[in-house]
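Trainee: whatever this is, show me its structure:
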Amino acid sequence: MININEYYDSIIGDATLSANIEGTPIEINFLRLMLDKLVEYGEFNEYEINEDGSDSSGLWRIDAYSIDDGSEASTGAISVFISLFNLNSDLSNLTKTELQNLIKKISRFIEFSLEKDIYRFFEAGTCAFEAAIEIKNHWKNKASNFRIYILSNRQLSSRVSEIPSVEIHDTKIEVVLWDLNRFFNLELSGREREPLEIDLSERPIKALFASSESSKDIISMLAAIPATTLVDVYTKWGSRLLEQNVRSFLTAKVKVNKGIRDTIKNSPTKFFAFNNGITATAESVEYEEREDGTYITKINNFQIVNGGQTTASLFSAATKDKFDISQIFVQMKLSIVTAADAVNLVPYISKYANTQNKVTEADLFSNHPFHIRFEGFSREIISPQKPGAISGDMWFYERARGQYTNALAACSNKIERTKFSALNPRSQLISKTALAKFLNPFNLMPHIVSKGAEYNFSKFADAIAKQWEAENEAFNAGFFKSSISKAIIFKSVEKLVSYQKDTWYRGHRDKIVPYTIAFIQNSINKHNKFFNFDDIWLKQNTSSELNDLITTAAEIVNDILHDPARPMGNVGEYAKRESCWTAVKLASENFGIDKYLDLFIDSDQSNIIEIKNKIEQKRLIGKELISKINSIEPNIWEAVRDFFVENSIMNPDKAALIKQAIYKKPALSERQCRVLESFLNEYNSHFRD
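Mentor: Predicted coordinates for the structure are as follows:
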C-alpha cells in the first residue's frame, strides 16, 4: 500500500521533472499539477495561471483564478488560488501562521482589485492585471459565491482546528484548503470527486419510500423538494452536483428552457405538474420518522443524474431573473446506491431516466467501450526505448479516477512499486479529459479546448461516439500510438513555449499550445500533408526541425492572442471565441510552410498506414468475439433458447445455432458469433428494459 510519504515524493518528483524539462519555476509546475487534479475532481472547469501574480514587496499575491460563467449550468462562482510548495525531502506541516499569511496576501489582491484604479495600480497586459479586471467586473453580482483556494503539498497541522473565513467589503468569503492529506485521500479512494454531504437538518424534506425493504441494490425514495432548497444547494456546490456525464452534457449543449422559464415566471404553482423534476442518486440518507411521515435530514454523496436543465433553469430564474420561486416544488426521484454498485448502476439510471433533453450515448461517454479498448492498449503496448533508457515504458491511461494510484498501492513492497513506476512513469499518465485536450487541437478545435475540460470533453465525446458507431475498428493499436504521439507533440509545445519566457512568452500557455498545434495542422492540410506519427512514436520525441516549426508558429499565435487590437481585452476569454480561431487560421494559411513540408508524410502513406491498422483491428475484434461467445456457459444459452420459445420468436435456424453454442461443436465461425451476440443482446435488453 502506498503511504502518504511516497505520495508526497511523487508530487515533488512530478513537479521537479516538469520544471527541469520546461525550464519553468517548480512552484508553477506544482500549481498546474494540482489545479489539473481539481479540474478532474469537478471543483471547477478551467483556470488561468498568473505567472506574474505578485508584487516585488510581497504585499499581495494571486497564483491563479477561475470564473465559472461558461454555460447555463454555471453559478458564476469566482475562485482565486494561492499555493505553498515544499521542496524539502521530509514532509512538513502547514502551520496556522503560514495559512494566515497566505490568506492575507490573496485577500489584499482582492481588495486592491476592488479599490484601486486597476489601470494604474497593475501593469497593463499582465496576468495579474487581467485577474483584477475579472474580479472587479464579477464582484458586484457574484460576491456571495466567491472562494479562496489554498493549495499545498504540506499536511495541515493538527493544531489548526478550523479554516478561518474572510470578510471583504462586508462579504464573507469561503476559504477552501486542499492540503496533501486531502489530495492523497481522494486519489486513493478511486472516486471521481469528493462525496458531497447535503445537510437538510434545518429544512428537512418530506419523502416516501418507493421500494421494498428487501431491495438490496437500490433503495428508492420520492420527494417534493422546495425549489429554494434546490437552488441554495446548487449555489453552494454548482456543477459538482451533476453526475459527470450530465455535467458535460449541460455544459456543452443546454440553454435555459423557455417553457420552464415561462412556467417559473407565470405559473409557479403549476411547475410540479408541468415539469418532470430531477432524478438523483446518493450513497446513503439520514432521515427522521415523524407522526406525519418520513423526513430526509442529510443526503450523502448527492448527484443529479437527470434534470440538470431543470436545476440550471431554476437557478437562473432565481439568481439572474430574480423571479419568486418560493411557491415551486420539484419532484425528486432519489435512488440510494452503495459506492461499490454506483459505477455500474448510476450510468443506467442516468440513461433510462425521463428528461426534457435526451442524454445520448455520446453524453454517457464516460462509460463508453472506447475507454476500455484504449485502456487495454495502454496496458499492453510498450513504447520504444528512449535514448539513455535500458528499456521501453508505457503510457498509462486512467479510465477511472485513481486507477494509477490504486495500481501502485496494490504493489506488495517498495521494490515492486519502483518497478511499476519505472514501467509506468507518472509523467506518462493520461486521464480522459487530458486525452481530449491532446487530440482536439489536431481536429482544428483550439477554441473548444480553450473553453475548459468539461466542454472540450463533451465535444470529444460526440466525435468519438459517432465514429465508433460507424467504424469502431478505426480505434486500433495505430490509433493508440498516434494518440500518444499527439500527446508527445502537445507536451513538446508546452515545453518550447515555456522556453521563450525571456523573449516573447507573456503567459496564457494553455491557450497558446492548442492554437499552435491547430495552426500547423491547418497549414499542412492545404498541402494534403500529415504528421508523421509513426516517427514520433518510434523516437518518443519531436525532432529538432519540428521544434523549430513549433517555436515559429507559437510566436505567431502568441502575437495574435496578445494583439492590442483584439476584439476583447481578456486573452483567456478571446481564445474561447471562434473569431480568435478565424484570425489564427488565416495566419496559418498565409504562413510559408513549404520549407517544412519534408517533415510530414503524403496522404497515400497515411492512408496505407490507416488501412493496415483497421484490418488488423478488425481481425482482433473477430478473435475477441469468438473468445467471448465460447466462454459463455451452456446454461446461459439454454435460458436464451427458452426465452425465444416462450416469446414465439424461435425458428429452426436459431435453434440449431444455439445448440451449436451449447455443445461448442462444430467450432463457431466469426459470422455465427456475431449472430449469437445479437441473440444475447435481445435477451438481455428484454430484462433490462
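
Trainee: just to check, Thr294 is in contact with Ala207?
Mentor: Yes: Thr294 lies in contact with Ala207 (CB atoms under 8 Å); the separation is 5.3 Å. Where C-beta positions appear, they are placed from N, C-alpha and C, glycine not excepted.

Trainee: between the two, what contacts are shared?
Mentor: Counting by CB atoms under 8 Å, 6 or more residues apart in numbering, the shared contacts of Thr294 and Ala207 are Tyr287.

Trainee: how about the strands of the stretch 201-350 of the chain, start to end?
Mentor: Assigned by DSSP state E, counting those that start in this stretch, the strands in the stretch 201-350 of the chain fall at 205-209, 218-226, 278-282, 284-290, 293-300, 303-306, 329-337.

Trainee: now do the shortest one, average pLDDT.
Mentor: Over the span of strand 303-306, the pLDDT mean works out to 83.

Trainee: can you mark which positions in it are buried?
Mentor: By neighbour count on 16 or more other CB atoms under 10 Å, the buried set for strand 303-306 is Gln303, Ile304, Val305, Asn306.

Trainee: of the residues you listed, which is the nearest to Phe460?
Mentor: Val305 (21.0 Å; CB to CB).

Trainee: wait, doesn't the closest one sit right on Leu241?
Mentor: No: here Val305 does not reach Leu241: they are 10.3 Å apart, not a contact under CB under 8 Å.

Trainee: picking up where we left off before, and which of the buried residues of strand 303-306 is nearest Tyr663?
Mentor: Distances from Tyr663 to these, taken by CB to CB, are shortest for Val305, at 43.1 Å.

Trainee: which SSE is the closest residue to Tyr47 other than its chain neighbours in?
Mentor: Nearest non-adjacent residue to Tyr47, counting by CB to CB, 6 or more residues apart in numbering: Ser66, 4.4 Å away. Assignment of secondary structure by DSSP states H and E places Ser66 within strand 64-67.

Trainee: which strands or helices does that strand pack on?
Mentor: strand 48-49, strand 78-84, helix 127-142 (3 or more CB pairs under 8 Å, 6 or more residues apart in numbering; DSSP states H and E).

Trainee: neighbouring strands - and their directions - for it?
Mentor: Partners of strand 64-67 in the sheet, by DSSP bridges, are strand 48-49 (antiparallel), strand 78-84 (antiparallel).

Trainee: return the distance of the nearest residue to Leu94 once chain neighbours are set aside relative to Leu242.
Mentor: Using CB to CB, 6+ apart and skipping residues adjacent in sequence, the residue nearest Leu94 is Arg154, 4.1 Å away. Here Arg154 is placed at a distance of 32 Å from Leu242 (CB to CB, to the nearest Å).

Trainee: so which of these two has more stuff around it?
Mentor: Leu242 (27 against 20; other CB atoms under 10 Å).

Trainee: ok, the more buried one touching Gln309?
Mentor: No: assessed by CB under 8 Å, Leu242 is found out of contact with Gln309, at 10.4 Å.

Trainee: all helices for the stretch 451-600 of the chain, in order.
Mentor: 453-471, 477-498, 509-525, 533-539, 544-561, 571-575, 578-589 (DSSP state H, counting those that start in this stretch).

Trainee: swap in the stretch 251-400 of the chain?
Mentor: Using DSSP H, counting those that start in this stretch, helices in the stretch 251-400 of the chain cover 258-266, 271-274, 308-319, 339-352, 369-380.

Trainee: and the angle from the helix or strand containing Ile626 to helix 477-498?
Mentor: Using DSSP H and E, Ile626 sits in helix 603-630. Counting by axes from the mean of the first three to the mean of the last three CA atoms, to 10 degrees, helix 603-630 lies at 130 degrees to helix 477-498.

Trainee: contact partners of the helix or strand just after helix 603-630?
Mentor: Note on helix 603-630: by DSSP H and E, the next helix or strand toward the C-terminus is helix 634-646. The contact list for helix 634-646 (CB under 8 Å, 6+ apart) reads Met650, Lys654, Ala655, Ile658, Ala661, Ile662, Tyr663, Phe679, Leu680, Tyr683, His686.

Trainee: same thing but 10 Å
Mentor: 629, 632-633, 649-651, 654-655, 657-664, 676, 679-680, 682-684, 686-687 (CB atoms under 10 Å, 6 or more residues apart in numbering).

Trainee: are any of those residues buried, and if so which?
Mentor: 629, 632, 650, 654, 657-658, 660-662, 676, 679-680, 683.

Trainee: got these as a markdown table, with pLDDT columns?
Mentor: Formatted as a markdown table, the buried ones among the contacts of helix 634-646 follow (pLDDT from 0 to 100):
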| residue | pLDDT |
| --- | --- |
| Ile629 | 90 |
| Ile632 | 90 |
| Met650 | 90 |
| Lys654 | 89 |
| Leu657 | 91 |
| Ile658 | 91 |
| Gln660 | 91 |
| Ala661 | 90 |
| Ile662 | 90 |
| Leu676 | 91 |
| Phe679 | 91 |
| Leu680 | 88 |
| Tyr683 | 86 |
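
Trainee: tell me which of the residues you listed is nearest to Ile415?
Mentor: Nearest to Ile415 among those is Ile632, at 40.1 Å by CB to CB.

Trainee: report the separation between the closest one and Tyr683.
Mentor: 11 Å.

Trainee: same check, this time on Tyr65
Mentor: 54 Å.

Trainee: of all the strands paired with strand 64-67, which lies closest to Asn532?
Mentor: Between the strands paired with strand 64-67, strand 48-49 lies closest to Asn532; by CB to CB that is 32.1 Å.

Trainee: give me the mean pLDDT for that closest one.
Mentor: 90.

Trainee: quick one: contacts of that strand?
Mentor: So strand 48-49 is contacted by 28, 31-32, 35, 63-67, 81, 127, 130-131, 134, 507-511, 570-573 (CB under 10 Å, 6+ apart).

Trainee: coming back round to it: who's in contact with the residue nearest to Leu94?
Mentor: 8, 84-86, 88, 91-95, 98-99, 179-181.

Trainee: of these, which is the most crowded?
Mentor: Leu180 (24 neighbours).

Trainee: I'd say that one and Asn153 touch.
Mentor: Yes: between Leu180 and Asn153 there is a contact at 5.2 Å, judged by CB atoms under 10 Å.

Trainee: quick revisit: and the residue nearest to Tyr47, bridged to which residues?
Mentor: Going by DSSP bridges, Ser66 forms beta bridges with Ser79.

Trainee: spit out the contact partners of it.
Mentor: 35, 38-39, 43-48, 77-81, 134, 147, 149, 452.

Trainee: ok, now Pro387?
Mentor: Contacts of Pro387 by CB under 10 Å, 6+ apart are Lys539, Gln540, Asn541.

Trainee: the first one - how many residues pack around it?
Mentor: Other residues near Lys539 number 14, with proximity taken as other CB under 10 Å.

Trainee: same deal with the last one?
Mentor: The tally of other residues near Asn541 (other CB under 10 Å) stands at 17.

Trainee: touching stretch 121-134 from outside, list them.
Mentor: Against stretch 121-134 from outside (CB under 10 Å, 6+ apart): 48-55, 60-67, 69, 78, 80, 109-110, 112-116, 118-119, 506-508, 562, 564, 569-573.

Trainee: how about the helices of the stretch 251-400 of the chain in a markdown table, adding distance to Leu546?
Mentor: Formatted as a markdown table, the helices of the stretch 251-400 of the chain follow (distance: least, CB to CB, whole Å):
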| stretch | distance to Leu546 |
| --- | --- |
| helix 258-266 | 50 |
| helix 271-274 | 58 |
| helix 308-319 | 42 |
| helix 339-352 | 41 |
| helix 369-380 | 24 |
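
Trainee: and among those helices, the most buried is which?
Mentor: helix 308-319 (a mean of 24; mean count of other CB atoms under 10 Å).
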